[in-house]
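>>> Quick one: sequence and predicted model below, then my questions.
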Amino acid sequence: MKILLMMACLLLTSGLSADCVKNARGKTICSNGTTTAAVNPNTGNAAVAHTNPNGVTTTQTSNGSTAKSANGVAVAQGPNGAAAVNTRTGNAAVAQTNQNGVTTTQTSNGGRAKTKNGMGAVQGPNGTTCAKGANQQGCVKK
């Protein structure tokens, strides 16, 4: 993956008219206006970010993580989980999947969910618990 991102950096810098700068930490950053590539020689980490015509920026890193952001809302996904934040509302959520395939999601406003294969249980911040099984679904307020 690092090789792929390094090649993207090379293509970006050689094939297109891109501006490159080196910051105080030794990180080289190149951009042509819609695509940006960065390499940190101290860590070997690299990242490529591309903004599509709709204004959504997708960033891929050499360690396998991906992030998408637009209009103050961002979602990041790594090998073991994902996180999302909405800066306009202040809400955030973090999801992690364990070795059994159960995804646990925790929200900043107190909600918690455990799901697997489209079934699961959710507990809201107001005390309501909802469950969905193979043959039934419903909610109970405590």
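Now that the structure is in, tell me what you want to look at.
>>> Could you find the closest non-adjacent residue to the residue nearest the centre of the chain?
In the chain, the C-alpha nearest the mean C-alpha coordinate belongs to Ala76, at 0.9 Å (Cα atoms, centre = their mean). Once flanking residues are discounted, Ala76 sits nearest to Ala67: 4.2 Å by Cβ to Cβ, 6 or more residues apart in numbering. All C-beta atoms are positioned from the backbone trio N, CA, C, and that covers glycine.
>>> Identify the bridge partners of that neighbour.
Beta bridges link Ala67 to Thr59, Ala76, judged by DSSP bridges.
>>> about what we covered before: ok, now how distant is the residue nearest to the centre of the chain from Thr51?
16 Å (Cβ to Cβ, to the nearest Å).
>>> count of neighbours near the residue nearest to Ala76?
Per other Cβ atoms under 10 Å, the neighbour tally for Ala67 reads 18.
>>> do the same with Gly127
The local packing of Gly127 (other Cβ under 10 Å) involves 10 other residues.
>>> cool, the one 5 residues further on as well?
The local packing count at Lys132 equals 15, with neighbours defined by other Cβ under 10 Å.
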